[in-house]
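K.L.:
Here you go, sequence then predicted model.
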Amino acid sequence: MNSKLARRPKVLVTAHDAGGGEILAAYIRANPKSDYIVYAAGPAWEIFKRERIPSRLIIESRSRIRTIIARHRDAAFLLVGARWYTHIESMALDEAKRLGIHSVVYLDSWVNFRERFFYPQTDWKKNLPDELWVGDEYAQALARKLFPRTLRIKLVKNQYFFAAIKRYRAARKHGTKSDHILFLSDVSDAAKRALAETLAILAHQSPPPVVRVRFHPADDRNRYDVLQKKYPAIEFSTERDLARDLAGARMVIGVDTVALAVAVLCGIQTLCILEPGERIMIPFKEIITIRRISQLRRALQTVL
């Protein structure tokens, strides 16, 4: 084995959710001086494949995860995405702490920080890693407010944002025309209501502009079939890369997904449609918050 390669620190990586997969894949791309051993599942598995980062499929099994962590107990540290839909990351953290492996969680957004570690259970703090990484100053300030002072919180710039913006600019440079309104779906009922309201307003235009729906990886891809029959101007994106959908968008609309942050950082007019009593969790003042139909109607007029 090459002696230089042998001295590279070994980092064990585990992810399931899309947010964690994107941010960890981008981190690996930007920091090639370590030897990454990646185990992934769900949307994260597809993201690592897309990014051509070698990874191994992991299943949600305590015994299987215990075996994997023990096999790589010589790792410098375990790096995981913040758990949300599955317990894979939590199991990996438990095993790493049991074996004395340094554990790191990279928080991928600005919401539900403590809840990802089973807050408000009385013993939730025992689920915390040795170290938390956050991608920007907003998340760092919030984490310092919510977590114990003894927990190390490190600012590690979100390379996913930088990579997406770079790909967006490249696509625009090659002549992609801004023609559709991009709707960023998520798994919530609020997203479905927001899309229906948007389509209803645009249906009065002749011809109505195309609304391209980009599905969240955890979405049911049939959930908007009824809307498609009612509003023919809707289309469903098959792009694997968010940047390519953004490159053809004259406006971006969503509820409260991290992809809205990417859109506004690319300089695209970005709307966040909020339910009554809710507040936006993405800390970018350039995002236009919509609380009433009249506000949405006025905002859509700017791109018609």
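P.N.:
Ah, there it is.
K.L.:
mind giving me the domain ranges of the protein?
P.N.:
Segmentation of the chain into domains, based on automatic domain parsing, reads 8-157, 163-301.
K.L.:
Kindly present those as CSV, with separate columns for mean pLDDT and mean neighbour count.
P.N.:
Glycine gets a C-beta too; all of them are placed from N, C-alpha and C. Formatted as CSV, those follow (pLDDT from 0 to 100; neighbours: other CB atoms under 10 Å):
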stretch, mean pLDDT, mean neighbour count
domain 8-157, 93, 18
domain 163-301, 93, 17
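K.L.:
Quick check on the residue nearest to Ile101 when sequence neighbours are not counted: phi, psi?
P.N.:
Excluding its sequence neighbours, the residue lying closest to Ile101 (CB to CB, 6 or more residues apart in numbering) is Leu78, at 5.4 Å. Dihedral angles of Leu78 (phi, psi; degrees, to the nearest 10) stand at phi -100, psi 130.
K.L.:
sec struct for His141, please.
P.N.:
Careful, residue 141 is Ala; it's not His. helix (DSSP: H, G, I helix; E, B strand; the rest coil).
K.L.:
if I look at it, how far off is Val134?
P.N.:
Distance of Ala141 to Val134, computed by CB to CB, to the nearest Å: 9 Å.
K.L.:
now swap in Cys266 and tell me
P.N.:
With CB to CB as the criterion, Cys266 and Val134 are 22 Å apart.
K.L.:
With Arg212 instead?
P.N.:
Using CB to CB, we find Arg212 at a distance of 31 Å from Val134.
K.L.:
do the same with Arg52
P.N.:
From Arg52 to Val134 the distance is 27 Å (CB to CB).
K.L.:
what's the helix or strand for the closest residue to Ala196 other than its chain neighbours?
P.N.:
In space, and not counting its chain neighbours, Ala196 is closest to Leu227: 6.1 Å by CB to CB, 6+ apart. If you go by DSSP states H and E, Leu227 is part of helix 225-230.
K.L.:
Which parts of this structure are helices?
P.N.:
Assigned by DSSP state H, the chain shows helices spanning 3-6, 18-30, 42-50, 62-71, 88-98, 137-146, 159-173, 189-202, 225-230, 242-247, 259-265, 293-301.
K.L.:
Of these, which is nearest Leu271?
P.N.:
helix 293-301 (5.6 Å; CB to CB).
K.L.:
could you give the angle of the closest one to helix 189-202?
P.N.:
Here helix 293-301 runs at an angle of 60 degrees relative to helix 189-202 (axes from the mean of the first three to the mean of the last three CA atoms, to 10 degrees).
K.L.:
Please name every helix or strand in contact with helix 293-301.
P.N.:
On a contact count with 3 or more CB pairs under 8 Å, 6 or more residues apart in numbering; DSSP states H and E, helix 293-301 meets helix 189-202, strand 270-273, strand 288-290.
K.L.:
chain center to the last one, what's the gap?
P.N.:
The chain centroid and the centroid of strand 288-290 are separated by 20 Å, computed with CA atoms, centre = their mean, to the nearest Å.
K.L.:
With stretch 229-236 instead?
P.N.:
Per CA atoms, centre = their mean, the centroid offset for stretch 229-236 relative to its chain is 26 Å.
K.L.:
One more: stretch 106-120?
P.N.:
13 Å.
K.L.:
same check, this time on stretch 26-34
P.N.:
For stretch 26-34, the distance to the chain centre is 18 Å (CA atoms, centre = their mean).
K.L.:
again with stretch 14-32
P.N.:
10 Å.
K.L.:
Also stretch 47-65?
P.N.:
Distance, centroid of stretch 47-65 to centroid of chain: 17 Å (CA atoms, centre = their mean).
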